[in-house]
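Asks: Structure of the sequence below:
(chains A and B)
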There are 2 protein chains.
Amino acid sequence: MNFIRDLSTSISEKKSVVCMGLDPRLENENQIPEYLKEQYQNSNEIILEFNKHLIDNTYDLIPIIKPQIAFYEKYDALDALKETINYAHKKDLLVLLDSKRNDIGSTSKAYAEAQFDLYKADACTINAYLGKDCIKPFLEYKKKGKFILVKTSNPSSKDFQDLFSIQLDYISNQTTEISVEEISKSLVLKRNYIHIANLVHQWGENLEQYRGYHNLGVVVGATYPEEMKLIRKIVKNSILLIPGYGAQGATAKDIKFGFDKKGLGAIINSSRGIMFAYTKNKKYSPEKFAEAARAEIIDMRDKINKFILK
Amino acid sequence: MNFIRDLSTSISEKKSVVCMGLDPRLENENQIPEYLKEQYQNSNEIILEFNKHLIDNTYDLIPIIKPQIAFYEKYDALDALKETINYAHKKDLLVLLDSKRNDIGSTSKAYAEAQFDLYKADACTINAYLGKDCIKPFLEYKKKGKFILVKTSNPSSKDFQDLFSIQLDYISNQTTEISVEEISKSLVLKRNYIHIANLVHQWGENLEQYRGYHNLGVVVGATYPEEMKLIRKIVKNSILLIPGYGAQGATAKDIKFGFDKKGLGAIINSSRGIMFAYTKNKKYSPEKFAEAARAEIIDMRDKINKFILK
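Replies: Numbering: from 1, shown residues only, chains lettered A, B, ... in the order given. Okay, the predicted model is just below:
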């Protein structure tokens, strides 16, 4: 497999850039239907059954799924995660494991091995706060997809990602403050998320490309369309993973800047909006949750394609 | 339990700020002895036996252990992690789970639940790139310890953490570049890691304190003593988790800035240096790995105490 090649091919064949998030929840408002919780013995069985049913009813409509590992970890259901990934592969789906891992060199290597060798994900998300040596072990899996967090979809992403910053290589490491007067007038400050995008662009410069894209992508929330437009220009050869559609409030027009003229360049994720579509539409009983998910994906796909395919 | 109270008490009783990292490795140079690998059937058993033996031989010398979850994940040995934590608690050790998790709100909540409710860690590490809403679900566990990554011990931490940045609230979100001329002369730029330290200081302002410290700590690599001195002044009421001692090259004098006059304020972690001490000292056969670890901890404790206790 080669993530970027397989993803591009599947997007073209299925005419869909929809990514189904699989974030199982066993309590609160949006959750796995009661009848499944009664039918099975433990969280692994309940979640696996729920996921398989969703996959069976949607695999022809989507190129990729995105399980969020936090929920499998929380419910002690990592076996269900592994079996879901295996099941998805049998249905010709790619799997992007949303784990946002990162650590220093040798630990980062252990994380990369867990994501790709143990869980057998085709791609994963990564946090780059620790710099290049934390990304390297992931990059060594050349054929796997890697998505670096650039601008996340949550409101507090402004706290840190939106700070203006500057690289001043001539200043010693021990200097932590610098007066603006010392800085040449010709220099400009860029927001932190732009710096991360620039780093991703650098790290991806020599990677093999397929139809203009390589295996080092970025994460940009659909909730920030203007920022997306700017990021798109910097990471010209990166696939964007765009979360925030649906439950977080973004719509089809917010994501159009992620795509090129051929309708490639991004995948759009919706998790709760798809998985728990049955709770929003009275037409569907809890037993029909997968049919509701299918209808939601069709609606989402068509709305998005209107903007990206001409 | 209350992490900060229990940690302070244990540090005073044991006269030790040493944290034993438990990052099991089953291959390469530094690794769990062959004889254990032959004796047990699977990675869960091998790792648990190794950890229990280490704990049995060291629990009177250390207040806390720090398992790095990446290695348990990689070897599909999360059961060994859970049992190690349970075993450590029985020996009156605190457990800091090094997981560096983070995500947006509802997913972050799932991670917090996994770290504290499922694994039953007393504290964990967190990445703050996503801003306050990713920290909040962790803060809701008031009695648990939380350690935010500020300046990590790896060489590439400079890539992003050392950028100079500035918060300019009067600039609209859509502005991504700003000329230096527009910035008032009175403003100063601070490095990104200083901004994160400032955020931690803000987030911790109203937290309950015990002997001058609260449950929101920070991570600062021992490999960056000058930066540590500056961070210490900003997060006056945070415990520092200081990794990088031993295998990564830092020594006792590099960490003295982390402590107050009573010898409180930080814990010093060594993982490979302690766990695999038997590989560096011919006095110890592989069967004596736990004795070698004990000797290493005594040496480390005494060297550190010379700098911090007068």
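
Asks: and residue A:283, how many neighbours does it have?
Replies: Residues lying near residue A:283 (other C-beta atoms under 10 Å in any protein chain shown) number 10. C-betas here are computed from N, CA, C, even on glycine.

Asks: and it, what helix or strand is that in?
Replies: Element membership for residue A:283, per DSSP states H and E: none, as it lies in no helix or strand.

Asks: mind listing what it touches?
Replies: Applying C-beta atoms under 8 Å, 6 or more residues apart in numbering or on different chains, we find residue A:283 in contact with residue A:292.

Asks: again with residue A:79
Replies: A:44, A:48 are the contacts of residue A:79 under C-beta under 8 Å, 6+ apart.

Asks: quick one, phi psi at it?
Replies: phi -70, psi -40 (degrees, to the nearest 10).

Asks: That one and residue A:245, how far apart?
Replies: Residue A:79 is 29 Å from residue A:245, where distance means C-beta to C-beta, to the nearest Å.

Asks: what's next to stretch A:246-261, contact-wise?
Replies: Against stretch A:246-261 from outside (C-beta under 8 Å, 6+ apart): A:17, A:153, A:212, A:220-223, A:225, A:228-229, A:232, A:240, A:242, A:244-245, A:265-266, A:268, A:270-274, A:300, A:303-304, A:306-308, A:310.

Asks: Separate out the buried members of those residues.
Replies: A:17, A:153, A:220-223, A:225, A:228, A:232, A:240, A:242, A:244-245, A:265-266, A:268, A:270-274, A:300, A:304, A:307-308 (16 or more other C-beta atoms under 10 Å in any protein chain shown).

Asks: could you pick out which of the residues you listed are near chain B?
Replies: residue A:153 (C-beta under 8 Å from any C-beta of the partner chain).

Asks: now, which of the buried ones among the contacts of stretch A:246-261 lie within helices?
Replies: Cross-referencing the buried ones among the contacts of stretch A:246-261 against helices under DSSP state H gives A:225, A:228, A:232, A:272-274, A:300, A:304, A:307-308.

Asks: and of the residues you listed, the nearest to residue A:34?
Replies: Closest approach to residue A:34 among those (C-beta to C-beta): residue A:272, at 17.3 Å.

Asks: The helix-or-strand element of chain A with minimal mean pLDDT packs against which elements?
Replies: For chain A, the helix or strand with the lowest mean confidence is strand A:177-179, at a mean of 75 (criterion: mean pLDDT, DSSP states H and E). Other helices and strands packing on strand A:177-179, by 3 or more C-beta pairs under 8 Å, 6 or more residues apart in numbering or on different chains; DSSP states H and E, are strand B:188-191.

Asks: List of residues touching the strand it packs on?
Replies: With C-beta under 8 Å, 6+ apart as the test, strand B:188-191 has contacts from A:165-166, A:176-180, A:183, A:189, B:161-166, B:198.

Asks: Doesn't residue A:125 lie inside a strand?
Replies: Yes - counting by DSSP: H, G, I helix; E, B strand; the rest coil, residue A:125 is part of a strand.

Asks: What is the neighbour count of it?
Replies: Count around residue A:125 with other C-beta under 10 Å applied: 27.

Asks: pretty sure it is touching residue A:99, no?
Replies: Yes - in this structure, residue A:125 is within contact of residue A:99 by C-beta atoms under 8 Å, at 6.2 Å.

Asks: which residue ends up closest to the midpoint of chain A in space?
Replies: Closest residue to the average C-alpha location of chain A: residue A:241 at 4.3 Å, with C-alpha atoms, centre = their mean.

Asks: in terms of contact, does that one touch residue A:218 like I think?
Replies: Yes - proximity of residue A:241 to residue A:218 meets the contact threshold set by C-beta under 8 Å, at 7.2 Å.

Asks: shared neighbours of these two, anything?
Replies: With C-beta under 8 Å, 6+ apart, residue A:241 and residue A:218 have common neighbours residue A:147.

Asks: Specify the local secondary structure of residue A:256.
Replies: From three-state DSSP, the assignment for residue A:256 is helix.

Asks: What ranges in the stretch 151-300 of chain A fall below the confidence cut-off?
Replies: A:168-173, A:180-187 (pLDDT under 70).

Asks: Show me where it has its strands.
Replies: Taking DSSP state E, counting those that start in this stretch as the criterion, the stretch 151-300 of chain A contains strands spanning A:164-166, A:177-179, A:188-191, A:216-220, A:240-242, A:266-270.

Asks: residues in contact with residue A:7?
Replies: When contacts are counted by C-beta under 8 Å, 6+ apart, residue A:7 touches A:63-64, A:94, A:145, A:239, A:267.

Asks: so can I have CSV of those residues showing distance to residue A:118?
Replies: Shown next, in CSV, are these (distance: C-beta to C-beta, whole Å):
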residue, distance to residue A:118
A:63, 23
A:64, 20
A:94, 17
A:145, 17
A:239, 24
A:267, 24
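
Asks: Write the ChimeraX selection for whichever of these are buried.
Replies: Listed next is the ChimeraX selection for buried residues among those, using 16+ other C-beta under 10 Å:
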select /A:63,64,94,145,239,267
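
Asks: before we move on, back to that, what two of the ones in helices among the buried ones among the contacts of stretch A:246-261 are the furthest from one another?
Replies: Within these, A:232 and A:272 form the most distant pair, 25.8 Å apart (C-beta to C-beta).

Asks: hang on, the earlier thing: need the strands of the stretch 151-300 of chain A in a markdown table with distance to residue A:134, can you?
Replies: Conversion of the strands of the stretch 151-300 of chain A to a markdown table gives the following (distance: least, C-beta to C-beta, whole Å):
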| stretch | distance to residue A:134 |
| --- | --- |
| strand A:164-166 | 19 |
| strand A:177-179 | 26 |
| strand A:188-191 | 21 |
| strand A:216-220 | 14 |
| strand A:240-242 | 19 |
| strand A:266-270 | 23 |
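
Asks: Nearest to residue A:56, out of those?
Replies: strand A:266-270 (18.4 Å).

Asks: Can you show me the CA trace of the closest one as PDB?
Replies: Taking Å, rounded to 0.1, in the frame of the first residue of the first chain, the C-alpha atoms of strand A:266-270 are listed here in PDB:
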ATOM      1  CA  ALA A 266      -8.400  17.200   1.300                       C
ATOM      2  CA  ILE A 267     -10.600  14.800   3.200                       C
ATOM      3  CA  ILE A 268     -13.500  16.000   5.300                       C
ATOM      4  CA  ASN A 269     -14.200  14.300   8.600                       C
ATOM      5  CA  SER A 270     -17.500  14.100  10.400                       C
END
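
Asks: can you list contacts of it?
Replies: Outside strand A:266-270, the residues within contact range by C-beta under 8 Å, 6+ apart are A:7, A:11, A:17-21, A:63-64, A:66, A:96, A:222, A:239-247, A:255, A:258-259, A:296, A:300, A:304.

Asks: Residue A:32 contacts residue A:51, doesn't it?
Replies: No - judged on C-beta under 8 Å, residue A:32 makes no contact with residue A:51 at a distance of 9.5 Å.

Asks: Show me what from the stretch 1-150 of chain A comes close to chain B.
Replies: A:23, A:68, A:70-71, A:73-74, A:76, A:78, A:98, A:100-105, A:107-108, A:110-111, A:113-114, A:117-118, A:127-134, A:149.

Asks: now with 6 Å?
Replies: A:68, A:70-71, A:73-74, A:76, A:100, A:103-104, A:107, A:110-111, A:113-114, A:118, A:127, A:129-133 (C-beta under 6 Å from any C-beta of the partner chain).

Asks: mind listing the helices for chain A?
Replies: Applying DSSP H to chain A gives helices spanning A:3-14, A:34-39, A:43-58, A:69-74, A:78-90, A:105-113, A:132-139, A:157-161, A:192-203, A:225-234, A:272-275, A:289-308.

Asks: ok so, going back, same drill for residue A:32 and residue A:51, tell me which one is more crowded.
Replies: residue A:51 (26 against 22).
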